[in-house]
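>>> Here is the input, now give the coordinates:
(chains A and B, ligands or ions: 2)
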Amino acid sequence: MNIIVCIKQVPGTAVVKINPADNTLIREDVPNIINPFDMYAIEEGLRLREKFGGKITAISMGPPQAVNALKEAVGMGVDEAILVTDRAFAGSDSWATAYTLSLVIKMIGPFDIILCGKQAIDGDTGQVGPGLARQLGITQLTYIFKIQKLDPSAKTIIVERLLEEGHEIVEGKLPALLTVVKDINQPRLSSLANLRRSGKQKIRMVVASDLIGVDMARLGLNGSPTKVIKIFSPPKRDGILDMIHADTNEKAAAILADKIIAEKIL
Amino acid sequence: MPLLEIDKDKCLGCGNCIDVCPFGALTLEGDIVVVNEKCTGCGACLEACPVAALRLPANKPVKAENLTEYRGVWVWIEQFHGQMCDIAAEILGQGRKLADLRQTILTACVLGYNVEHITKKAISFGADRVFWVDDPSLAVYRTAPYAETLIRLARLHKPEIFLLGASSRGRDLAGSVATDLYTGLTADCTGLDIDPEKGILIQTRPAFGGNIMAMIICPDHRPQMATVRHRVFEMPPADPEHQGDVITVVPSLTEEQISTRVTDFIQELDKINLADARIIVAGGRGVGGADGFEPLQKLAQVLGGAVGSSRSAVDAGWISYAHQIGQTGRTVRPDLYIACGISGAIQHLAGMKTSRIIVAINKNADAPIFDVANYGIVGDLFQIVPALTQQFKQKMQK
Ligand SMILES: Cc1cc2nc3c(=O)[nH]c(=O)nc-3n(C[C@H](O)[C@H](O)[C@H](O)COP(=O)(O)OP(=O)(O)OC[C@H]3O[C@@H](n4cnc5c(N)ncnc54)[C@H](O)[C@@H]3O)c2cc1C
Ligand SMILES: Nc1ncnc2c1ncn2[C@@H]1O[C@H](COP(=O)(O)O)[C@@H](O)[C@H]1O
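Ligands and ions are numbered 1, 2, ... in the order given. Okay, here's the model as predicted:
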């Protein structure tokens, strides 16, 4: 089975904060990490390979330092890694990212399944997965927390999706793109053997001119329909903390209940 | 290579741009600013520069289409098991305002099976026109038949603005539709306005787990598409007098052309889903175990709310992931959020800090959850939560 995993390098979570004193951004120098949801995608790929055999290719589009995310993926056990990096890709929004990734995937040949994270924790859009499925014209299955069954020869898959109201069981045809949520598995740590391999592994580089059939006008900032025009700090929560003190828990609870009732939201 | 160009002769080295860069891509070298590989070309720094020393390559419109051909505001009416979802009414309300500002009509897209009653509902919430697509193949939401139908309609009728809920289904659908239409899609918006001069849609949304807000536009592509967060816009009052045209439309795909089947649905325990919940009682590591959620469940029941949780409680296996609130769980915006035994880590706050009223119950007076709370009690949740349940029972009966 040919498995593709799309991973994004993102700033470690606590990196961006707003300084309440002067509304500027504070950054601690936290290292970049693989987007947490993509760790589940990698792990699910490894489990599928254990069951069905085959090959896993990890793809990341980003600046040259994203090579570290790919090395980590190799450390976990993926077979091949591709870094999609070029000045022409800079400033891509989710449309241009999905477009670029789709061209890379078309170049690497036939595949059965693509695994993406539910969303990346920097942009929080969750749009690249659906965009990629649409660009490639394959089955789209989002918010997956379980692969119930996969039959590579019949080219079918049965998954459980996590929706607001509960779980949905869906049967689909391969090739398919899955976006996965946290509950699907517990990502493994890198093994020593894989870590050694990851030191030596050659990471394949793809630049814009490598892409077959590319429309350069659809890449990067110019190809991105959306533009960020301003970034600002979120509105502060209004109201200050009303700390409730009383000599017994009952009294404290009574005061709190009255105050909540007075808010007229119940 | 970073995209940003810095005019070394103009740069004063004031550092204003360094502070606003969300990616840490700008640094001071000597007395001028330099840009590194972390730059994504987002443009957040441009405004901060007092001397216009920063520049991004001019963006050439790639779609040489006549943008003025696109008119009207569209809303996708999400339904589940034949019932219209609350989010659909909320965006109809906001869609109505945008349509009035643009002096145009509001169109609702109702897809489903036996959903004629929803067409009436959409009109009562402000739609002037409804595209009604009723077919067994649309009974349960699936990406392909929904997306293909909406894509065909959008190509034909050219809406200027197209809004969907930022629910699982809404995001699944919007990502597919916008890709095919080659247009911009802004996820999970918490603000939607019309620029009074240019008449374009200004979309505001949180990023980086809610630590920063971004304003996003889609200047050269149409429709301007956005998914909208739950419970940000108020549900408009239904007006049974409001009139609208219902236009029957056939679906774009037949059952044979659809590559997926939904075979089963398993309802989660609580009847109220977290995204729509007006009241949430949430527990964290402080509840101590699966049993620890029982008093919270009782309180939620008395208040008619849902139960949420921090990641720690999910990771410990005390409650299912469907309940997790925060950066790697759900984002919620209830009127009342009662956090019990939750410390208030930044990743948890990302999912709930826009709740209207936040109540924190925690043993530790220094827990960061108190920084965002409106009301707080320092104490043992196993004492306070049952006492609170008791109080509400008594007081709400009166
Ligand atoms: C990439 C990433 C993503 C993450 N995503 C999420 C997410 O989506 N959601 C999320 O919640 N977290 C998330 N986290 C984890 C987050 O950083 C915190 O670890 C987590 O939120 C802590 O959960 P907690 O508050 O329940 O536990 P703790 O931090 O352990 O806090 C427990 C609190 O309970 C109080 N307490 C204990 N006993 C009692 C008692 N009897 N009565 C009253 N109070 C009591 C304690 O004083 C303490 O404040 C993420 C972390 C990372 C790195
Ligand atoms: N630059 C990228 N390179 C590789 N995969 C990506 C990239 N951006 C997004 N993805 C994939 O798409 C998912 C959703 O990302 P997003 O739409 O940005 O929230 C991620 O979890 C990744 O699996």
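>>> Not counting its neighbours along the chain, what's nearest the closest residue to ligand 2 within chain A?
Relative to ligand 2, the nearest point of chain A is A:G117 (2.5 Å; C-beta to the nearest ligand atom). In this view, the C-beta of every residue, glycine as well, is placed from N, C-alpha and C. Excluding the flanking residues, the one nearest A:G117 by C-beta to C-beta, 6 or more residues apart in numbering or on different chains is A:F37, at 2.8 Å.
>>> from the middle of its chain, how far away would the helix or strand containing the one you found be?
Using DSSP states H and E, A:F37 sits within helix A:36-52. On the basis of C-alpha atoms, centre = their mean, to the nearest Å, helix A:36-52 is displaced by 13 Å from the centre of the chain it belongs to.
>>> Run through the strands of the stretch 151-300 of chain B in chain order.
B:161-165, B:185-189, B:191-194, B:201-207, B:212-217, B:224-228, B:245-248, B:260-267, B:279-283 (DSSP state E, counting those that start in this stretch).
>>> Repeat that for the stretch 151-266 of chain A.
Ranges of strands in the stretch 151-266 of chain A, per DSSP E, counting those that start in this stretch, are A:156-162, A:166-173, A:176-180, A:204-206, A:227-232, A:242-243.
>>> among those, which is the most enclosed?
Neighbour counts (mean count of other C-beta atoms under 10 Å in any protein chain shown) averaged over each of the strands of the stretch 151-266 of chain A peak at strand A:176-180, with a mean of 27.
>>> Show me what that one is packed against.
For strand A:176-180, the packing partners by 3 or more C-beta pairs under 8 Å, 6 or more residues apart in numbering or on different chains; DSSP states H and E come out as helix A:36-52, strand A:113-117, helix A:128-136, strand A:139-151.
>>> Rebuild these as JSON lines, extending it with mean pLDDT and mean neighbour count.
What follows is the helices and strands packed on strand A:176-180, written out as JSON lines (pLDDT from 0 to 100; neighbours: other C-beta atoms under 10 Å in any protein chain shown):
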{"stretch": "helix A:36-52", "mean pLDDT": "97", "mean neighbour count": "21"}
{"stretch": "strand A:113-117", "mean pLDDT": "98", "mean neighbour count": "28"}
{"stretch": "helix A:128-136", "mean pLDDT": "98", "mean neighbour count": "27"}
{"stretch": "strand A:139-151", "mean pLDDT": "97", "mean neighbour count": "21"}
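>>> Those: which one's closest to A:L221?
Among these, helix A:128-136 comes nearest to A:L221, with 16.5 Å by C-beta to C-beta.
>>> So which elements touch that closest one?
Applying 3+ C-beta pairs under 8 Å, 6+ apart, we find helix A:128-136 packed against strand A:2-6, helix A:94-107, strand A:113-117, strand A:139-151, strand A:176-180, helix B:143-157, helix B:168-181.
>>> Next, format the ones you listed as JSON lines and append distance to ligand 1.
Converted to JSON lines, those look like this (distance: least, C-beta to the nearest ligand atom, whole Å):
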{"stretch": "strand A:2-6", "distance to ligand 1": "18"}
{"stretch": "helix A:94-107", "distance to ligand 1": "20"}
{"stretch": "strand A:113-117", "distance to ligand 1": "11"}
{"stretch": "strand A:139-151", "distance to ligand 1": "15"}
{"stretch": "strand A:176-180", "distance to ligand 1": "15"}
{"stretch": "helix B:143-157", "distance to ligand 1": "25"}
{"stretch": "helix B:168-181", "distance to ligand 1": "16"}
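>>> Can you give me the neighbour number for the nearest residue to A:G109 once chain neighbours are set aside?
Sequence neighbours aside, A:N2 is the residue nearest to A:G109 in space, at 7.4 Å (criterion: C-beta to C-beta, 6+ apart). Residues near A:N2, counting by other C-beta atoms under 10 Å in any protein chain shown, number 17.
>>> Okay, and the beta partners of A:N2?
On the basis of DSSP bridges, A:N2 is bridged to A:K55.
>>> got the contact list for residue 94?
I'll assume chain A. The neighbours of A:S94, taking C-beta atoms under 8 Å, 6 or more residues apart in numbering or on different chains as the test, are A:G123, A:T125, A:Q127, A:V128, A:G131, A:T226, B:G175, B:L185, B:A187.
>>> oops, I was thinking of chain B
B:L163, B:L192, B:V228, B:F233.
>>> I'd assumed B:G93 was in contact with the last one.
Yes: with contact defined as C-beta atoms under 8 Å, B:F233 and B:G93 form a contacting pair (5.6 Å).
>>> which of those two has more neighbours?
B:F233 (22 against 18).
>>> ok, for that one, nearest residue in space, not its chain neighbours?
B:Q94 (4.2 Å).
>>> Just the buried positions in the helix or strand where B:A89 lies, please.
Using DSSP H and E, B:A89 maps to helix B:86-101. Within helix B:86-101, the residues scored as buried using 16 or more other C-beta atoms under 10 Å in any protein chain shown are B:86-99.
>>> Spell out whether the lowest-mean-pLDDT helix or strand in chain B and chain A are in contact.
Least confident helix or strand of chain B, by mean pLDDT, DSSP states H and E, is helix B:16-20 with a mean of 84. Yes: interface with chain A: helix B:16-20 contributes B:D19, B:V20 (C-beta under 8 Å from any C-beta of the partner chain).
>>> Distance from the chain centre to that helix, please.
Helix B:16-20 sits 28 Å away from the centroid of its parent chain (C-alpha atoms, centre = their mean).
>>> Now it - C-alpha only, CSV.
C-alpha atoms of helix B:16-20 as CSV (Å, rounded to 0.1, in the frame of the first residue of the first chain):
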residue,chain,number,x,y,z
ASN,B,16,7.8,48.3,15.7
CYS,B,17,7.5,45.6,13.1
ILE,B,18,9.4,43.1,15.3
ASP,B,19,6.7,43.4,18.0
VAL,B,20,3.8,42.7,15.6
